[in-house]
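S.K.: Turn this into a structure:
(2 chains)
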Amino acid sequence: DTEVTQTPKHLVMGMTNKKSLKCEQHMGHRAMYWYKQKAKKPPELMFVYSYEKLSINESVPSRFSPECPNSSLLNLHLHALQPEDSALYLCASSQNHNGELFFGEGSRLTVL
Amino acid sequence: SQQGEEDPQALSIQEGENATMNCSYKTSINNLQWYRQNSGRGLVHLILIRSNEREKHSGRLRVTLDTSKKSSSLLITASRAADTASYFCATDGSGTYKYIFGTGTRLKVLA
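M.R.: Here you go, the predicted structure:
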């Protein structure tokens, strides 16, 4: 199984809502990532978990809260988002820091 | 910003022609990777080249790396309409998990 599965594929939320994005991989990868991508821009790194511990936070606002419950799962909790947070949120995993990234198809988020 | 630059930003070619895109980066690296992204989809890994390699091939793809100039190029030979996508280089932040993507090249292959 070489898939990274992201749910939901689409999410619309208001600025006062609380929602979560979910990412799952069963490749035994020990690093998992969240990227944010705006239209016609490259993916921007948000968070990296290595061995289930947060190792990189790229100064992301606290309204985004990552969680890694186990080595296969990565969540991104969303609260009090702004319309400018509307984007494609991509999850990825890798075996180590020297290998390729495997991406999910993304969750397209719209904040009203 | 540590983000790499890619050029051209957009490229339009006829089927059968070759497409070349370039990537420049700012930090030292252990490896550099190229990814493809179809519109609004996830990224797909194409090829990885390590810092001690100068050239690598995979099917119709040829990647070069010049660490002295901090630059890389991706050549797609005999392009097909299905190659239409955005292409991104990514650097690994020299042994960290900090994969940073370049600005990307939007390739359109006309049938």
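S.K.: was I right about A:Asn98 contacting B:Leu32?
M.R.: No - taking CB atoms under 8 Å as the definition, A:Asn98 is not a contact partner of B:Leu32, at 11.6 Å. Bear in mind the C-beta positions are built from the backbone N, C-alpha and C, glycine included.
S.K.: The two - which one has more neighbours?
M.R.: Taking neighbours as other CB atoms under 10 Å in any protein chain shown, A:Asn98 and B:Leu32 compare with B:Leu32 leading, 26 against 13.
S.K.: So, low pLDDT: which residues of chain A?
M.R.: Residue ranges of chain A with pLDDT under 70: A:1-2.
S.K.: So which residues on it come close to chain B?
M.R.: Contact residues (CB under 8 Å from any CB of the partner chain) of chain A with chain B: A:4, A:31, A:33, A:40-45, A:48, A:50, A:55-56, A:88, A:90, A:92, A:94, A:97-106, A:108.
S.K.: Mind giving me the ChimeraX command for buried ones among those residues?
M.R.: Filtering those down to the buried ones (16 or more other CB atoms under 10 Å in any protein chain shown) takes a single ChimeraX command:
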select /A:4,31,33,42,43,44,45,48,50,56,88,90,92,94,97,99,100,101,102,103,104,105,106,108
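S.K.: Dig out what the residue nearest the centre of chain A forms beta bridges with.
M.R.: Residue closest to the average C-alpha location in chain A (CA atoms, centre = their mean): A:Trp34, at 3.2 Å. Per DSSP bridges, the residues bridged to A:Trp34 are A:Phe47, A:Cys91.
S.K.: quick one: it and A:Leu90 touch, right?
M.R.: Yes - here A:Trp34 reaches A:Leu90: they are 7.4 Å apart, a contact under CB under 8 Å.
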